[in-house]
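Undergrad: Following is a predicted model, sequence given first.
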Amino acid sequence: MKCSGALLAGGQSRRMGLDKADMLVGGESLWQRQIAILRKTGVDEVIVSGPDRPDWRDAGLVVVEDERPACGPLGGLVSVLRRATYPLIVVLAVDMPSMTSAFLRMLVESAGADTGVVPKIGERYEPLAAAYPAAALALAEECLAQRARSLQGFVSRAVASGLVRERLMAAGERALFFNVNTPADLAGFRAL
C-alpha cells in the first residue's frame, strides 16, 4: 500500500535548550536520522512538519508549517494529514532515535487504507510513532477546534470511532519509544 511519511519536528525544544532536530547522534543530526528511517520504511513521500528550513528544502523534503501555531503535535498532525498524498500516513517524532524502520513497516503492514495503527504501552498510546489514515483529519480538526490538543485524547477518540486500532507493545519493543527531551536524555542515549 502506498503511504506518506511524516517527520514531526516543529516542537520548541524548551527542555533541551536547542533545536532537537539538529542534535548529533552517531555523527548525523536527528532529523537526518529520522528521515532515513522513514525512507527505509518504504514511504512514497516524506513530509516534514516544522518550520520552513533551507536544509530541509535542499534535501528535497516537503515542509509544512503548522497552520495553527502553538497547538502542539496535534497541530502538526493536522497539517500533515491535509498535505499527504496517500491515504495512510506514518508519523515519526524527531526525538525518537531508537525507532526502527522495521517497526514502522510492521505498522504499515498491519494498517488498512482507512484504518491506522497506534502503539500502546500500558494505558498510554505512543502517538508519535504511528500510522494514521487521512480520514482522521476531520477528527483531528474537531479536537483542535474544541481546544482538546492532547494526542492521548485524540487517539482515544480515533480508536473509539474505528479510525485507528491499538497495538499493545511487547516488553522488548518499549525501548523503541525512548525520546530525547533533555540534555540528560541525550547523554543517556549516546551512552547506549
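TA: Here it is on my side, so go on.

Undergrad: Show me the beta-bridge partners of residue 28.
TA: residue 25 (DSSP bridges).

Undergrad: and it, how far is that from residue 21?
TA: 11 Å (CB to CB, to the nearest Å). C-beta here means a position set from N, CA and C on the backbone, and glycine is covered the same way.

Undergrad: what about those two, which has more around it?
TA: residue 21 (24 against 13; other CB atoms under 10 Å).

Undergrad: Report the contact partners of the more buried one.
TA: Residues in contact with residue 21, defined by CB atoms under 8 Å, 6 or more residues apart in numbering, are 9, 29-31, 50, 94.

Undergrad: Mind doing that once more with 7 Å?
TA: Applying CB atoms under 7 Å, 6 or more residues apart in numbering, we find residue 21 in contact with 9, 29-31, 94.

Undergrad: Check residue 131 too.
TA: 88-90, 107-108, 111, 116-117 are the contacts of residue 131 under CB under 7 Å, 6+ apart.

Undergrad: Tell me which entries of the contacts of residue 21 lie within helices.
TA: 30-31 (DSSP state H).

Undergrad: Of the contacts of residue 21 - the most surrounded one?
TA: Ranking these using other CB under 10 Å puts residue 94 first, with 28 neighbours.

Undergrad: can you tell me which residues contact that one?
TA: 7-9, 20-21, 30-31, 34.

Undergrad: at 8 Å instead, please
TA: Here residue 94 is in contact with 7-9, 11, 20-21, 30-31, 34, 50 (CB under 8 Å, 6+ apart).

Undergrad: Mean pLDDT per helix and strand in the protein: which one sits at the bottom?
TA: helix 183-191 (a mean of 59; mean pLDDT, DSSP states H and E).

Undergrad: could you pull out the strands for this protein?
TA: Using DSSP state E, the strands of the chain run over 4-8, 24-25, 28-29, 45-49, 62-64, 88-93, 116-121, 124-125, 129-133, 164-168.

Undergrad: Residue 71 is nearest to which of those?
TA: Closest to residue 71 of the strands of the chain is strand 45-49 (CB to CB; 11.3 Å).

Undergrad: Just list what that closest one packs against, helices and strands only.
TA: Strand 45-49 is packed against strand 4-8, helix 30-41, strand 62-64, helix 72-83, with contacts defined by 3 or more CB pairs under 8 Å, 6 or more residues apart in numbering; DSSP states H and E.

Undergrad: Comparing the ones you listed, which comes out most buried?
TA: Of all the helices and strands packed on strand 45-49, strand 4-8 has the most neighbours on average by mean count of other CB atoms under 10 Å, namely a mean of 27.

Undergrad: And the contacts of that strand?
TA: So strand 4-8 is contacted by 31, 34-35, 38-39, 41, 43-50, 61, 73, 76-77, 80, 84-86, 88-94, 128 (CB under 8 Å, 6+ apart).
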